[in-house]
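Engineer: fold the following.
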Amino acid sequence: MNIEQRHEAILALARKSGRVTVEALAEQLQVSRQTIRKDLNDLCDQAQLNRVHGGAVIATGGVDNLEYEARRVLAREAKEAIGVAAAALIPEQASLFINIGTTTEEVARALLGRTGLLVITNNLNVVDILAPSPGIEVIVVGGRVRSADRASVGAFAVDFIRNFKVDFAIIGASAMDDDGSLLDFDINEVQVSQTIIQSSRRVILVADGQKLGRPAPVRIGHIGDVHVFVTDRLESPELAAKCKAQGVRVIETALNQAG
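Structural biologist: Below is the predicted model of the structure:
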């Protein structure tokens, strides 16, 4: 396998899982870790990947997010496991917000069949997912609907959400920093997320490990605004320390599966 073929293989794996590690690539492609590190650096220089601790994630082109449908296939298994773990935290008879995001949609799927829940969402995909469950009452947030991801955003959405105070918020983030910053790409979406946080008694953040280290320009808030962080794996010691210091419960689904 020459360097071009190796780069293509690395990118294919990154697109499939959202994240690649030096150790796994070296074993799978049967080359040294030093060679893989050079490959990753080359692909980062080409703006195809972004380096993170121990590996790399798919690049987003700076301030541009990946297309919504493309995000659905990234780290799909990890998102499904996160969805199941987060849904298990929601008791019967609870009220909750579910925000826009491919991972939050997996939480909605894991809630199918539950009874006595009130779900308020600005995500029309969540409405479609929960429609077959007669035991779940769904309220749709009004506002301007973005065609790209079917999210209701803008001032009307923000004002609508302020009418409620719910038990739980299920939110996502497009990116996270080691310092605990929760980040996104769209100011309108961020304003909705901030209002959901303010209108909820407990906040559950659902985000897979590839979100760490991605560049995004708009701040949603801080990990300290969150009560529970559900992820596949938390590989940043700095962020783990922030969670501990802020009293944030961390659930790592990859560790639970391994156990």
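Engineer: only C-alpha atoms from now on, for both contacts and neighbour counts.
Structural biologist: Fine.
Engineer: how about the contacts made by the spatially closest residue to L183 that is not a sequence neighbour?
Structural biologist: For L183, ignoring the flanking residues on the chain, the nearest one in space by CA to CA, 6 or more residues apart in numbering is R219 at 4.5 Å. Contacts for R219 (CA atoms under 8 Å, 6 or more residues apart in numbering) come out as S181, L182, L183, D184, V190.
Engineer: can you rerun that using 10 Å?
Structural biologist: When contacts are counted by CA atoms under 10 Å, 6 or more residues apart in numbering, R219 touches 173, 175-176, 181-187, 190-191, 194.
Engineer: what helix or strand is it located in?
Structural biologist: strand 218-222 (DSSP states H and E).
Engineer: so what strands line up beside that strand?
Structural biologist: strand 181-184 (antiparallel) (DSSP bridges).
Engineer: give me the mean pLDDT for the partner strand.
Structural biologist: In this model, strand 181-184 has an average pLDDT of 94.
Engineer: what's the angle from the next helix or strand after it to strand 218-222?
Structural biologist: Downstream of strand 181-184, the first helix or strand assigned by DSSP H and E is helix 187-198. Helix 187-198 runs at 10 degrees relative to strand 218-222, counting by axes from the mean of the first three to the mean of the last three CA atoms, to 10 degrees.
Engineer: chain center to helix 187-198: distance?
Structural biologist: Distance, stretch centre to chain centre, for helix 187-198: 15 Å (CA atoms, centre = their mean, to the nearest Å).
Engineer: helices or strands next to the helix or strand just after the strand holding R219 in the packing?
Structural biologist: Next helix or strand after strand 218-222 toward the C-terminus (DSSP H and E): strand 228-231. In terms of contacts (3 or more CA pairs under 10 Å, 6 or more residues apart in numbering; DSSP states H and E), strand 228-231 is packed against helix 76-87, strand 200-206, strand 249-252, helix 253-258.
Engineer: sheet partners, orientation included, of strand 228-231?
Structural biologist: strand 200-206 (parallel), strand 249-252 (parallel).
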